[in-house]
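Engineer: task: produce atomic coordinates for the following.
(chains A and B)
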2 protein chains.
Amino acid sequence: MDIHAYMQEVGQNARHASRQMATVTAAQKNAALLAIAERINAQREDLKAKNQEDLVRGRANGLSDAMIDRLEFTDANLDQMIEGLKQVAALADPIGEITDMSFRPSGIQLGKMRVPLGVIGIIYESRPNVTIEAASLCIKSGNATILRGGSEAIASNQALAQCIKEALQQTHLNENAVQVIETTDRACVGELITMDKYVDVIVPRGGKSLIERISKDARVPVIKHLDGICHVYIDDEADPKKAIDIAINSKTHRYGVCNAMETLLINDGVADIMLPVLAAKFAEKGVELRGCEKTALYIDCVAATEADWNEEYLAPILSIKVVDSMEDAIVHINHYGSHHTDNIVTENYTKARQFLAAVDSSSVMINASTRFADGFEYGLGAEIGISTDKIHARGPVGLEGLTSQKYVVFGDGHIRT
Amino acid sequence: MDIHAYMQEVGQNARHASRQMATVTAAQKNAALLAIAERINAQREDLKAKNQEDLVRGRANGLSDAMIDRLEFTDANLDQMIEGLKQVAALADPIGEITDMSFRPSGIQLGKMRVPLGVIGIIYESRPNVTIEAASLCIKSGNATILRGGSEAIASNQALAQCIKEALQQTHLNENAVQVIETTDRACVGELITMDKYVDVIVPRGGKSLIERISKDARVPVIKHLDGICHVYIDDEADPKKAIDIAINSKTHRYGVCNAMETLLINDGVADIMLPVLAAKFAEKGVELRGCEKTALYIDCVAATEADWNEEYLAPILSIKVVDSMEDAIVHINHYGSHHTDNIVTENYTKARQFLAAVDSSSVMINASTRFADGFEYGLGAEIGISTDKIHARGPVGLEGLTSQKYVVFGDGHIRT
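Structural biologist: The predicted model follows:
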């Protein structure tokens, strides 16, 4: 197989499909989404059979139980795909929305119209449900998409691709609006991220090393999320109950998620009283504590090293640093954080405002658990990822992050004099 | 001079300054802008003396008269810089604006706050007034900026840099908020566009080859404008007077600008009547016409080649193509255009709506001259450039294009359950 030629054709097909997708109605897009859901429902047994191929190969290749779990089509996760498609169909169509419409002194009427990005390349690892999530968000936002899933899930992804293709045909949309790469050849990724003529943006989903590699080599803009080193800063004017609830929830609600707290910063003025209370609660949950020198004055903990402030544990481990002031907390967050989600707990109005302005993260919170940083909690309906970039989309990325805007001008024969 | 070390220091200074700039008040930023204006006014003779160094060297190096013109500090263009600074000071501060604030079902209050991008690198060619324009927009939008002007203007730019630095000091802002690269060594550009740790976005201003080179090598996002191949499509249901006015104005109001029409598309149904009228008017203005085969049936013209449809003339030359339908016009525009500005002239409501939705350009117009695509005409107050990208900023880029948004969450001890 000539990978370059194959990917060029995929790219051309996608560009062509994107022109059509840009102008189809919300009703057509929703019909396609519901048709995909129907097909998944009707073809459960076929999908499971194809999925078995991946599971058998995966077990033979020594995939971990956790990986096999993520790969497996159960009725429950097929139901989840179906439910997800229905939810995206129920969302408002972002395309064509015109805002900021006003007459300019020249007499022209100027506004901004929301439009699709065009062609979105999505590169992801083993979970095949991403195929459906990504396809549904791209269809709804009027984009064409090229999907490149993990090689472990190739048979499952191809089976889902077939459902999508048939549904697109049935609802008279261009079947190339969603293309799932048919080969596991890694050269496809290199082609995909460099064909800027056909691809408008790349969204990598997966581990940090995958995303770093893609960002480094891409010649197409990348919407990326590298890591989530989230902080809670407990101010000396924090309400103690709120501080404890938020710290415990931010760390222990779920460990393996990007919006979990990884470092707790606490003002020296309240560290002596609050750290022992927090330590007892974290001990109950089995969280290992790694503290700075001052932390060790108040509680038993492992000594934190410089590396701890840069670490996304994704595990029951928490680093703790005692700081002298909110300013020190802000400096720490902007330096060591990953610009994902950071929170202050305080009752002081002025400090809350200062923290909000100064912390350079995609979500900045006052008196709320970092766990709220999520597309569903933010009301986006669904998310393709959480961007820690500053350009284009920042924070949870839903339909709007997959769109752009163009200026529209209505005249009546207006010329410039 | 160790260019790598020098640029790293510039980058670190800029990052540090950007943290401070993010939280300074509108009053402080405006005071700095007005202080720069005062200094330029007070130091006219010094500035002209420094400028003379560039002019003398430029003439010795054989710069064209046009280049020398663009380089020279006259009282008129010093006045223009002063006026530009006052205008930017008078614009509303975009930073800190919170929009879309609403309560979520969980009880958290969620909104989006407008924030600076951080550090903006701007690379431009000979005109030193860009130094002041770029600095003023970056200061007002709360960013730090690193400016790299053309080597022809090094003395002029350093003199302006000194005015800016003194004004920043006088108004108690970080003097590194605006840094003008002190050396003409080209290696600085390579450093600037790859130090993604310190630079958030690059804005290149200049010729297409400069911008292509920068885009190719950058490891930092680029807000760019490659070229302006703008179209006017005259529909068979166009009002003839509007069509003629718009076509003539779009082409002949100014030739060397990116929003000038380069290709006229005309529906075959009206080509026989309208082309001779248009040809006569273009002849009066001295515009050379290059037409497709059908065009040649109706008027005298040079035979257009494939290359003409891809050409930004920036000159009194116009390519003309007769098309069978609006659909053909849209296909031509999306294929050959540069996604800058394209216009339909029609009285037909349905076609106007279809054109608006289907044309994939940063400005899409109905019955208006392409010459309106401009930051001042759009009410942005000033522009750093016109983006033909889809990501982040699209079309004329003013203060808002130099900002991003972050999510802000107000809670009252809210935790996720």
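Engineer: in the longest strand along chain A, what's buried?
Structural biologist: Once chain A is assigned using DSSP state E, the strand that runs over the most residues is strand A:403-414. For strand A:403-414, a neighbour-count test (16 or more other C-beta atoms under 10 Å in any protein chain shown) marks A:403-411, A:413-414 as buried. Glycine gets a C-beta too; all of them are placed from N, C-alpha and C.
Engineer: equivalent analysis for stretch A:248-265, please.
Structural biologist: Of all the residues in stretch A:248-265, those buried under the rule 16+ other C-beta under 10 Å are A:248-253, A:258-265.
Engineer: wasn't A:Ile120 part of a helix?
Structural biologist: No. Assessed with DSSP: H, G, I helix; E, B strand; the rest coil, A:Ile120 is strand; it does not lie in a helix.
Engineer: that one contacts A:Thr145, doesn't it?
Structural biologist: Yes. Counting by C-beta atoms under 8 Å, A:Ile120 does reach A:Thr145; the two are 4.8 Å apart.
Engineer: who touches both of these two?
Structural biologist: A:Cys138 (C-beta atoms under 8 Å, 6 or more residues apart in numbering or on different chains).
Engineer: give me the sheet partners of the helix or strand harbouring A:Asp342 and which way each runs.
Structural biologist: According to DSSP states H and E, A:Asp342 maps onto strand A:341-345. Sheet pairing here is set by DSSP bridges, and for strand A:341-345 it gives strand A:230-234 (parallel), strand A:363-368 (parallel).
Engineer: quick one: mean pLDDT over the first one.
Structural biologist: Taken as a whole, strand A:230-234 has a mean pLDDT of 98.
Engineer: tell me how far that strand is from the chain's mean position?
Structural biologist: Centroid displacement of strand A:230-234 relative to its chain, using C-alpha atoms, centre = their mean, to the nearest Å, is 21 Å.
Engineer: mind listing what's buried in it?
Structural biologist: Residues of strand A:230-234 classed as buried by neighbour count (16+ other C-beta under 10 Å): A:230-234.
Engineer: mind picking the two most distant members of the residues you listed?
Structural biologist: Across these, no pair lies farther apart than A:Cys230 and A:Ile234, at 14.0 Å, counting by C-beta to C-beta.
Engineer: who's in contact with A:Asn129?
Structural biologist: By C-beta under 8 Å, 6+ apart, the contact list for A:Asn129 reads A:77, A:80-81, A:84.
Engineer: could you check the pLDDT of it?
Structural biologist: We have a pLDDT of 91 for A:Asn129.
Engineer: what do you get for A:Ala66?
Structural biologist: With respect to pLDDT, A:Ala66 scores 88.
Engineer: of all the buried residues of stretch A:248-265, the one with the weakest confidence?
Structural biologist: Among those, A:Cys258 has the lowest pLDDT, at 93.
Engineer: circling back to that earlier point, which one of the buried residues of strand A:230-234 is nearest to chain B?
Structural biologist: A:Val232 (11.3 Å; C-beta to the nearest C-beta).
Engineer: isn't that closest one up against A:Met261?
Structural biologist: Yes. At 5.0 Å, A:Val232 counts as touching A:Met261 under the criterion of C-beta under 8 Å.
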